[in-house]
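Enquirer: Here's my sequence, what's the structure:
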Amino acid sequence: GMLNAIKNIDFDVWAYTPSEGTLAYRLKLTEYYNKLGYNIKPENILVTVGGSEAITIAMQTCVNEGDEIIIPEPFYANYNGFACMSNVVVKPILSYIENGFALPPIAEFEKLITEKTKAIIICNPNNPTGYLYSREELEALKTLCIKYDLFLFSDEAYREFCYDGREFISPMHLDGLDENVVIMDTVSKRYSACGARLGCLITKNAEVIASGLKFAQARLSPGMVEQIAGAAAVDTPDSYFEKVNTEYTLRRDTLVSRLNNIEGVFCPNPGGAFYVVAKFPIDDADKFCQWILEDFEHNNQTVMMAPATGFYSTAGSGKQEVRMAYVLNTDDLNSAMDCLEIALQQYPGRTI
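Expert: Coordinates of the predicted model:
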């Protein structure tokens, strides 16, 4: 649908669009989000150049220089870069592989809160862990944000990727939190359109929209062609997402099962996204991921993985953990696991 919309473009002048995004696209986005129960209007939306810009505008709008945001870790590594661009201080709070990277206890959040704390960021479902936050966890965050008057930033790039019939809950679904919630979203994942660089920021807080619009005006406008394509994408039939969900469930089950059948490996079964973080019997994930690329091969093949250390801010965390994305078909995933199992047996830094 997106590509066909681009092929059928009929405008005569490739002009700037409004800084907040075209009304036509924001109306289609309103249709999409209200189908999900967000109960928003077009004026609650700022169209952004990718989800990344939605995150930076949220930070620059809601958090002053030198103020702090709390993020459960491991977390999407670019949050650090966006915070640095905004002169915002990230305060990480550890979640643990042993309980599948569930939300840390609220008491641990409270230990980090100071007069400089302005926001909490969650990514739901999570990158890199695939963890899907429950309604109970979000209600606990709601209580915390109201108690301390904090913003709750929700990165929802992987919303459509929820498995086993589990319900996706957004902070937008919680009563009494309208002034605190800022949603950051993108077309990159649900439509496999990361090159479109099209996202949005959503909030019912009028002051945040008004202030965020100033940052949007400073960069002029999001692209016209991308918004035409994005509007067409909203009409993607549910059957498409059902097929994707079925395929990705199979991929997840294949990967998690194969990993947990390798001696010394532990991998939680994630509820969403398309990533897993697994713990290996190795001395150092950075060394292992480099070794398997440079010094190992099986049938002239190897496996590329991301050391989980890159997703932690706390020194020393994730040293035995790696992130994998199950964006391959199951045959390729099985071949990769065959390769990985042999590599773990041969790795010089093996710990069992």
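Enquirer: List the buried residues for the helix or strand encompassing residue 342?
Expert: Element membership of residue 342 [criterion: DSSP states H and E] is helix 330-346. Buried residues in helix 330-346, counted by 16 or more other CB atoms under 10 Å: 333, 335, 336, 337, 339, 340, 341, 343, 344. C-beta here means a position set from N, CA and C on the backbone, and glycine is covered the same way.
Enquirer: What of stretch 4-16?
Expert: Within stretch 4-16, judged by 16+ other CB under 10 Å, the buried ones are residue 5.
Enquirer: now that stretch, how far from the centre of its chain.
Expert: Taking CA atoms, centre = their mean, to the nearest Å, one finds stretch 4-16 lying 30 Å from the centre of the chain it belongs to.
Enquirer: how about that stretch as CSV, C-alpha atoms only?
Expert: In CSV, the C-alpha atoms belonging to stretch 4-16 read as follows (Å, rounded to 0.1, in the frame of the first residue of the first chain):
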residue,chain,number,x,y,z
ASN,A,4,1.6,2.0,-4.5
ALA,A,5,0.6,5.3,-2.9
ILE,A,6,4.0,6.7,-3.9
LYS,A,7,3.7,5.4,-7.4
ASN,A,8,0.4,7.1,-7.8
ILE,A,9,1.4,10.5,-6.4
ASP,A,10,-0.2,13.4,-8.4
PHE,A,11,0.9,16.6,-6.7
ASP,A,12,2.5,19.3,-8.9
VAL,A,13,4.7,21.1,-6.4
TRP,A,14,6.9,19.2,-3.9
ALA,A,15,6.3,21.7,-1.1
TYR,A,16,7.0,22.0,2.6
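Enquirer: per-residue pLDDT, residue 1?
Expert: Looking at residue 1, its pLDDT stands at 89.
Enquirer: So that it lines up with my notes, have the first residue be 31 from now on.
Expert: Got it, first residue is 31 now, which makes that one residue 31.
Enquirer: Give me the below-cutoff pLDDT ranges for the stretch 31-180 of the chain.
Expert: When residues are selected by pLDDT under 70, none of them lie in the stretch 31-180 of the chain.
Enquirer: Identify each of the helices in it and give its residue range.
Expert: Assigned by DSSP state H, counting those that start in this stretch, the stretch 31-180 of the chain shows helices spanning 32-37, 53-65, 80-92, 108-115, 136-142, 165-178.
Enquirer: what's the fourth one packed up against?
Expert: Read it as helix 108-115. If you count contacts as 3 or more CB pairs under 8 Å, 6 or more residues apart in numbering; DSSP states H and E, helix 108-115 packs onto helix 80-92, strand 119-124.
Enquirer: Looks like residue 357 contacts residue 305 (just checking).
Expert: No - between residue 357 and residue 305 there is no contact under CB atoms under 8 Å: 9.2 Å.
Enquirer: Pick out whichever of the two has more residues nearby.
Expert: The residue with more neighbours, out of residue 357 and residue 305, is residue 305; 24 against 12, by other CB atoms under 10 Å.
Enquirer: My guess is the more buried one contacts residue 354. True?
Expert: Yes - Residue 305 is in contact with residue 354 according to CB under 8 Å; the separation is 6.9 Å.
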